[in-house]
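[1] Got a sequence here, can you build the structure:
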Amino acid sequence: MINGIVTIIETMCKFLWGDLLTIPLPGGGMLGIPLLVILLIPAGIYFTIRTRFLPVRLFPEMIRVTMEKQNSKSEAISGVQALIVSTATRVGMGNLVGVVAAVSAGGAGAVFWMWVTAIIGSSSAFVEATLAQLYKEKDPLYGGYRGGPAYYIHHFVKEKLGKGFRWKRSVTAALFAVSGLLCWCGISQVIGNSVSSAFENAFHIPPLYTTIVLVALAAWIVLRKNATVKVLDILVPIMAGCYFCFTIFIIIRNIGALPAVFSRIFSEAFGLRQVAAGGFGAVLMNGVKRGLFSNEAGSGSAPCSAAAAQSDHPAKIGLMQAFGVFIDTIVICSCTAMIMLLTPDEMIGGLTGMNLLQTSMQYHLGQFGVVFIAVILWLFSFSTFIGILFYARSNVAYLFGDNWISQTLYKILALVMLFIGGLAAYTVVWDLSDVGIGLMTIFNLAVIVPGAGPAIEALRDYENKKKRKKKH
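    Numbering: from 1, shown residues only. This is a model prediction of the structure:
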């Protein structure tokens, strides 16, 4: 029975994330394209065209609305707080180990394709966040608002079926909610394992001790009613700011090598050498996949926080979430790439994963660099755990109604998975999280592609109001 379930999970994971299409390239190479890339990239291009190239055209407006004074009197969270929550979940282990893996497998050129994917993904993030704002509901348990894909999928299905829709929950919306809860349980285990492994490598602390502290601290935050956003308000700017500042310090110290690094990124992204050697597929796909996996645009995760925000116009929250993709991929992922690419090849040759990143940091900052990466990984992972439980609120409420029992039981389940992951890694659980986010993406895209009209209309309305305001 158990073996059968494991086989099903592994098969689904391979179908979602394995190479569904394989295209031969000049030089004898092959370009393998997973199903999720086939779905997400065309959707991102479609949204970019429909929003009239929003990521480039409205980038200054993204910054302006993010810096705008927020209403602190409302019981609901602000748009910036929603951005901080989504940044907490986007900025995680993938920004460190994931980027290392992408550059190791695809070379420096993967960084360029990661940037391109982020620009396209910003449009998807805008659409799904704006839809979440348009169809949010009052939250009787936590106060403020709640919503996300389960809620706008429900509204979409109800609208299409009209009077024929008589159920409290739509099947598609419920499947999305279940997929999300499975995904976030799996991620909890991955987080526990990553943190305990990093601290064992850096400080030789036994995993049991690290895990007990991690779970106790997480429980103290997530089991309290409204501690999540308050903690992330402090934690996320500090951790992201520290990582960015130390990267800038490393870049300034190696400023002479910077032109060569950028030359390498662009030459390998388009280089004939990579095409001729059959390596272009690795360059392209590793950059694209890392960009998609890191910023989560189109997966339906971030809209769960976007729906909770209070704003005077839904398009503002969409613009902030689009800016969140920029923060995650263009800024934080690029920081990791620069740390690696500014390290001499002979120092990191043959290394992979966290060992590669810690060796790079040791080259730049000495032993302090190893400790710093371990602490940053802890902060990134811890904030991700807190953030995903904020996401889970709306999905649990959609499936089980408004009650504290179901909310608390899911939090306890996630804490148990965090504890188990800290002591041992179970590959099937990692696969389960990949299956969960893959299914979330499919259910989400199935609705936001045909149902993007209200989000596009909200953007048009927002821009028209801005024009009228300028005239007066």
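[2] gap between stretch 459-470 and the chain center?
    In terms of Cα atoms, centre = their mean, to the nearest Å, the centre of stretch 459-470 is found 30 Å from the chain centre.
[3] buried residues in that stretch?
    By 16 or more other Cβ atoms under 10 Å, the buried positions in stretch 459-470 come out as 459, 462. C-beta here means a position set from N, CA and C on the backbone, and glycine is covered the same way.
[4] contact partners of it?
    The contact list for stretch 459-470 (Cβ atoms under 8 Å, 6 or more residues apart in numbering) reads 51, 54, 126, 130, 313, 315-316, 318.
[5] C-alpha coordinates for that stretch, CSV please?
    Taking Å, rounded to 0.1, in the frame of the first residue of the first chain, the C-alpha atoms of stretch 459-470 are listed here in CSV:
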residue,chain,number,x,y,z
LEU,A,459,-5.2,47.9,-14.3
ARG,A,460,-6.9,50.0,-17.1
ASP,A,461,-9.1,51.7,-14.4
TYR,A,462,-6.1,52.4,-12.2
GLU,A,463,-4.1,54.0,-15.1
ASN,A,464,-7.1,56.0,-16.2
LYS,A,465,-7.7,57.4,-12.7
LYS,A,466,-4.0,58.3,-12.5
LYS,A,467,-4.3,60.2,-15.8
ARG,A,468,-7.4,62.1,-14.6
LYS,A,469,-5.7,63.0,-11.3
LYS,A,470,-2.7,64.4,-13.1
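[6] Would you mind giving me the PyMOL syntax to select the buried ones in the contacts of stretch 459-470?
    Listed next is the PyMOL selection for buried residues among the contacts of stretch 459-470, using 16+ other Cβ under 10 Å:
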select buried, resi 51+54+126+130+313+315+316+318
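[7] Among the contacts of stretch 459-470, which ones are in helices?
    Among the contacts of stretch 459-470, the ones falling in helices (DSSP state H) are 54, 126, 130, 315-316, 318.
[8] Which two among these are spaced furthest apart?
    For these, the farthest-apart pair by Cβ to Cβ is 54 and 316; their separation is 13.0 Å.
[9] Quick one: low-confidence residue ranges for the stretch 251-400 of the chain.
    By pLDDT under 70, the low-scoring segments of the stretch 251-400 of the chain are 271-295, 351-354.
[10] redo that, cut-off 80
    267-298, 345-357 (pLDDT under 80).
[11] excluding its backbone neighbours, what's nearest the spatially most central residue of the chain?
    Computing the C-alpha centroid of the chain and ranking residues by Cα atoms, centre = their mean puts residue 90 first, at 3.1 Å. Once flanking residues are discounted, residue 90 sits nearest to residue 328: 4.1 Å by Cβ to Cβ, 6 or more residues apart in numbering.
[12] Double-check that neighbour against residue 89; I have them as touching.
    No: Residue 328 lies out of contact with residue 89 (Cβ atoms under 8 Å); the separation is 9.5 Å.
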